[in-house]
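S.K.: generate coordinates for the sequence data below:
(2 chains)
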Amino acid sequence: MNKLIKAFTKESAVVPFIAILLGLLLGAVIMLIGGYDPILAYKSLLEKVFGNPYDFGETLTAITPLIFTGLAVAFAFRTGLFNIGAEGQFIMGMTGATIIGVSVHLPWYIHAPLAVLVGAFFGGFWGMIAGYLKAARGVNEVITTIMLNWIALHLSNYIINDYLLEPGKGRSYMVDDSAAVTIGWLSRILDDARIHWGMFFAILAVIFYYVFLWKTKQGFELRVVGSNADAARYAGINVNKGIIKAMFISGTLAGLAGVFQVLGVFLNQAVSASPTGYGFDGIAVALLGGNTPIGVFLGAILFGTLSYGAAGMSFGADVPPEIIRIVIGSVIFFVAAPGIIRWFIKRTFGKKRKGEVI
Amino acid sequence: MDVATLGNMLNTAFVFSTALILAALGGIISERSGIVNIGLEGLMTAGAFAAAVSAFHAQEAGYGSASPWIGMFAGALFGVLFALIHAVATITFRADQVVSGIVINFIAAGSTLYLVKLLFEGAGETSLVDEVFHKVKIPFLSDIPIIGEGLFNSYPTTYLALILVGIVYYALYKTPFGLRLRSVGEHPSAADTVGIKVLRMRYTAVLLSGVLAGLGGATIAMTTTGTFSHNTISGQGFIALAAVIFGKWNPLGALGAALFFGFAQSINNVLQLFDFSSQIPSEFIYMLPYVLTILILVGAVGRSKAPSALGEPYFQGKR
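M.R.: Numbering: from 1, shown residues only, chains lettered A, B, ... in the order given. Sure thing, here's the model as predicted:
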């Protein structure tokens, strides 16, 4: 028994799986109370995701931006910063890619890379503003990133409305074919699901995240800043420079999510009245993954799969798809508070042997 | 700009600010006790949902003008319910407070929409409540120029929010309860030594923040919208959080910050009435409140000092 309980420390790899199981179980209970059939619902979810090539491909499309925004938030967390602004950086990334994709005409081998770079830089720049204000003026990054989200939303709407709008469409002109990063042959295999190079870049980003933070001096310094800024200062690390750098990289990652949504998925940018939600979902993904590279990667896969499959639940079992938000929320909850799982196990299995102490 | 416009602007500012003031007060109480509350958005969502649903049913049951008050009560109750999750997770199980707050936002958004679809046969929105709050003129005071129209012809919820600012301020700084609450947030082990029940104090604070943020969400449903849907609460909780930090964890500061946000919002509405606004793209007017906030933070406020023990779980017996 003690061994079993000891397995559920925060570092353990077992916790996430138990957490996912408990989360799904909780979702099932809520569905039962609501008068729905949870088994049919989860079956419909899986059928939606794995039922045919198109939906499987689209699930990959849904996962991709979550890997980027998840990494973005996690990167900032590792440096001791809370980047609520992945949303705004995502929007700026979209905008940068749209501007280049629509208004410049170049051969593909220059056009697409340029659009990606400009979009990534837009995102990075947007993150850097918050980093700079924190470093130079001590302004709390939580507030500035919240504000910058809204500024980004309205700024990008302005740019699209006034310069890039295709009349009567409520969106920008389509980006040139030369700027698109779609993978035609792979899309055709998957019944025209929107497959794009961003998916491979997302995997590269995971590797970058690991190598940079754990295998380079710069990354090490950023992690020291994150775990103890005072110690970092005594060790001669330039904390302020670190904060700005971290927010730039974080913003770049979030920006790339937006870039590939434009150049790989939508091929245009819509005028939007409210935030897209990818940035906020990135916070959830980072938390799911405990800010580790593999964790964020798997967290994005779980999040993307459940969210995409939720549509199937509502179609197949008539369950409101919002239930999946409750499931994801409770999974994060259990991951973050392994104490609850320990307590749960003690309650259920621990009574047989009295006098045991955790 | 004439006097009437200015009065109108002020009035709109108070309408926008009311929910922010209430939620920010909740945030202050929670954070002063050492518990980060990123979940304000979720607590407001819960409050707005409960208010819209119960006021609708109260109205159908013939409670008439008492319906919005019933809605407010339900909003506070639902706020407490979700705050309880936050309290159990962060205080008893010592979960990461930021994580727990994000989870509250997630679960509140998901479960309220789930319930709306369940209760209103698949609709994405609650049925419209006709019996919402109406503006109440306060005799004599409402005759004062500008302020009269601006403040003393407001929704009852606005008066409630302003009174609560006074109460929370008094409670925090002039009562033993407030001193204990603040000491728990600054130095919990010292507080424990002198016999203050740290965990119980923190529970009280987080639950109170649920009441206040729930009321904040409820005011939006009971004054401006009359319904609850996925975008009834869209970012107000985060703005309230900003007001907490902007106002340096002080009720009066947060009141100022919330009014500032409200005022910037109402400038939007007023500017659009003028001719010259057609030369300014409307997107820039929408941006204004957020840009101004950053500028003011950069220029005037600078470093804001959080309660010392904010975000740290408390272990009994820890030194």
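
S.K.: residue of the stretch 1-150 of chain B with the smallest distance to chain A?
M.R.: The minimum distance from the stretch 1-150 of chain B to chain A, using Cβ to the nearest Cβ, falls at residue B:110 (2.8 Å). All C-beta atoms are positioned from the backbone trio N, CA, C, and that covers glycine.

S.K.: just to check, that residue is in contact with residue A:324?
M.R.: Yes. Applying Cβ atoms under 8 Å, one finds residue B:110 in contact with residue A:324, separated by 7.3 Å.

S.K.: give me the residue from chain A nearest chain B.
M.R.: Residue nearest to chain B within chain A (Cβ to the nearest Cβ): residue A:325, separated by 2.8 Å.

S.K.: surely that residue is within a helix?
M.R.: Yes. Assessed by DSSP: H, G, I helix; E, B strand; the rest coil, residue A:325 belongs to a helix.

S.K.: show me what contacts it?
M.R.: Neighbouring residues of residue A:325 by Cβ atoms under 8 Å, 6 or more residues apart in numbering or on different chains: B:106, B:107, B:109, B:110, B:111, B:113.

S.K.: what about the spatially closest residue to residue A:255 that is not a sequence neighbour, which helix or strand?
M.R.: Counting by Cβ to Cβ, 6 or more residues apart in numbering or on different chains, residue A:255 lies nearest to residue A:123, which is 1.5 Å off, once chain neighbours are set aside. Assigned by DSSP states H and E, residue A:123 belongs to helix A:108-137.

S.K.: confidence-wise, which helix or strand of chain B is lowest on average?
M.R.: The weakest-scoring helix or strand in chain B, judged by mean pLDDT, DSSP states H and E, is helix B:147-150 (a mean of 77).

S.K.: what does the average pLDDT come to for the helix or strand following that helix?
M.R.: Next helix or strand after helix B:147-150 toward the C-terminus (DSSP H and E): strand B:153-154. Averaging pLDDT along strand B:153-154 gives 84.

S.K.: mind giving me the packing neighbours of the one helix or strand residue B:118 maps to?
M.R.: Residue B:118 belongs to helix B:97-119 when elements are defined using DSSP H and E. For helix B:97-119, the contact count by 3 or more Cβ pairs under 8 Å, 6 or more residues apart in numbering or on different chains; DSSP states H and E identifies helix A:278-288, helix A:323-336, helix B:40-60, helix B:67-87 as packing neighbours.

S.K.: angle of the second one against helix B:67-87?
M.R.: Just to be clear, that refers to helix A:323-336. Orientation check (axes from the mean of the first three to the mean of the last three Cα atoms, to 10 degrees): helix A:323-336 against helix B:67-87 gives 40 degrees.

S.K.: list the residues that contact the residue lying closest to residue A:326 once chain neighbours are set aside.
M.R.: Of all residues not flanking residue A:326 in the chain, residue B:110 sits nearest, at 4.3 Å (Cβ to Cβ, 6+ apart). Residue B:110 makes contact with A:322, A:323, A:324, A:325, A:326, A:328, A:329, according to Cβ under 8 Å, 6+ apart.

S.K.: ok, residue A:161 next?
M.R.: Here residue A:161 is in contact with A:271, B:281, B:283 (Cβ under 8 Å, 6+ apart).

S.K.: restricted to helices, list these.
M.R.: If you go by DSSP state H, these have residue B:283 in helices.

S.K.: quick one: secondary structure of the closest residue to residue B:224 other than its chain neighbours?
M.R.: Excluding the flanking residues, the one nearest residue B:224 by Cβ to Cβ, 6+ apart is residue B:15, at 6.9 Å. With three-state DSSP as the basis, residue B:15 sits in helix.

S.K.: might one say that residue A:195 is in contact with residue A:56?
M.R.: No. If you go by Cβ under 8 Å, residue A:195 and residue A:56 don't touch, sitting 10.3 Å apart.

S.K.: higher neighbour count, those two?
M.R.: Of the pair residue A:195 and residue A:56, residue A:195 is the one with more neighbours under other Cβ atoms under 10 Å in any protein chain shown, namely 23 against 17.

S.K.: in contact with the more buried one, which residues?
M.R.: Taking Cβ under 8 Å, 6+ apart, we find residue A:195 in contact with A:57, A:60, A:61, A:182, A:183, A:186, A:187, A:264.

S.K.: the fifth one reaches residue A:193, doesn't it?
M.R.: No. Taking Cβ under 8 Å as the definition, residue A:183 is not a contact partner of residue A:193, at 10.3 Å.

S.K.: next, count neighbours for the nearest residue to residue A:124 once chain neighbours are set aside.
M.R.: Using Cβ to Cβ, 6+ apart and skipping the chain neighbours, the partner closest in space to residue A:124 is residue A:252 (3.7 Å). The number of residues packed near residue A:252 is 27, by other Cβ under 10 Å.

S.K.: so where's the stretch 201-319 of chain B uncertain?
M.R.: B:269, B:271-279, B:300-304, B:317-319 (pLDDT under 70).

S.K.: re the thing from before, now do the helix holding residue A:123: which elements does it pack against?
M.R.: Counting by 3+ Cβ pairs under 8 Å, 6+ apart, helix A:108-137 packs on helix A:86-103, helix A:141-159, helix A:239-260.

S.K.: residue of the stretch 151-300 of chain B with the smallest distance to chain A?
M.R.: residue B:283 (3.7 Å).

S.K.: ok, that residue touching residue A:160?
M.R.: No. With contact defined as Cβ under 8 Å, residue B:283 does not reach residue A:160; the gap is 9.6 Å.

S.K.: these two: which has the busier surroundings?
M.R.: Set side by side, residue B:283 and residue A:160 show more neighbours around residue A:160, with 26 against 19, by other Cβ under 10 Å.

S.K.: for the closest residue to that one other than its chain neighbours, what are its contacts?
M.R.: Using Cβ to Cβ, 6+ apart and skipping the chain neighbours, the partner closest in space to residue A:160 is residue A:172 (4.9 Å). Contacts here follow Cβ under 8 Å, 6+ apart; on that basis residue A:172 touches A:98, A:102, A:160, A:164, A:165, A:166, A:268, A:269, A:270.

S.K.: again, only this time at 7 Å
M.R.: When contacts are counted by Cβ atoms under 7 Å, 6 or more residues apart in numbering or on different chains, residue A:172 is found next to A:98, A:102, A:160, A:164, A:165, A:166, A:268, A:269.

S.K.: now those residues: which count as buried?
M.R.: Buried members of the contacts of residue A:172, counted by 16 or more other Cβ atoms under 10 Å in any protein chain shown: A:98, A:102, A:160, A:164, A:268, A:269.

S.K.: coming back round to it: can you redo the contacts of residue A:172 as TSV with pLDDT?
M.R.: Below are the contacts of residue A:172 laid out as TSV (pLDDT from 0 to 100):
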residue	pLDDT
A:98	97
A:102	95
A:160	94
A:164	91
A:165	91
A:166	90
A:268	93
A:269	94
